[in-house]
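**Student:** Sharing a model that was predicted from the sequence below.
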Amino acid sequence: MSGILDIVGYGLVVLGLAFMLVGSVGIVRLPDFFARTHAASKVDTVGVSIVVVGVACIEGFSLDGLKVLLAAFFVVMTNPVAAHALARAAALTGLRPWVRPDTADSAREKSDP
């Protein structure tokens, strides 16, 4: 039984690392602070959670596995709140989201009588 849990655990770790790699590329390619913050929070929350659950599977049903799952729970609970606080602070200081130029022009034309 331990061998199956190890294989599942290693698979989850690799899946989580792949998710974080793809998300990191998205962070680099996105155009503004708000999009990057969104991508970073998703990558951290989901990617780290998958990796940590994989580590818990490898560790097995023990006190150490429970501690790892508790750490994953805290990441899932705190990371979205931190990303929201960053985005809200940026918006309150006057930072505006990026808008595609052709979309902004068409929106202005529709609003002009």
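**Tutor:** That came through fine.

**Student:** Would you mind confirming that residue 69 is in contact with residue 55?
**Tutor:** No - taking contacts as CB atoms under 8 Å, residue 69 lies outside contact range of residue 55: 9.2 Å. Where C-beta positions appear, they are placed from N, C-alpha and C, glycine not excepted.

**Student:** Distance-wise, check residue 61 relative to residue 2.
**Tutor:** Distance, residue 61 to residue 2, using CB to CB, to the nearest Å: 10 Å.

**Student:** sorry, back to before: which of residue 69 and residue 55 has more neighbours?
**Tutor:** More neighbours surround residue 55 than the other of residue 69 and residue 55, with 20 against 15 (other CB atoms under 10 Å).

**Student:** how close does residue 40 sit to residue 64?
**Tutor:** Residue 40 is 28 Å from residue 64, by CB to CB.

**Student:** more neighbours, these two?
**Tutor:** Per other CB under 10 Å, whichever of residue 40 and residue 64 has more neighbours is residue 40, with 19 against 12.

**Student:** before we move on, which element is the closest residue to that one other than its chain neighbours in?
**Tutor:** Distances taken as CB to CB, 6 or more residues apart in numbering put residue 27 closest to residue 40, at 5.5 Å, once the chain neighbours are dropped. Assigned by DSSP states H and E, residue 27 falls within helix 2-29.

**Student:** Nothing else from me, thank you.
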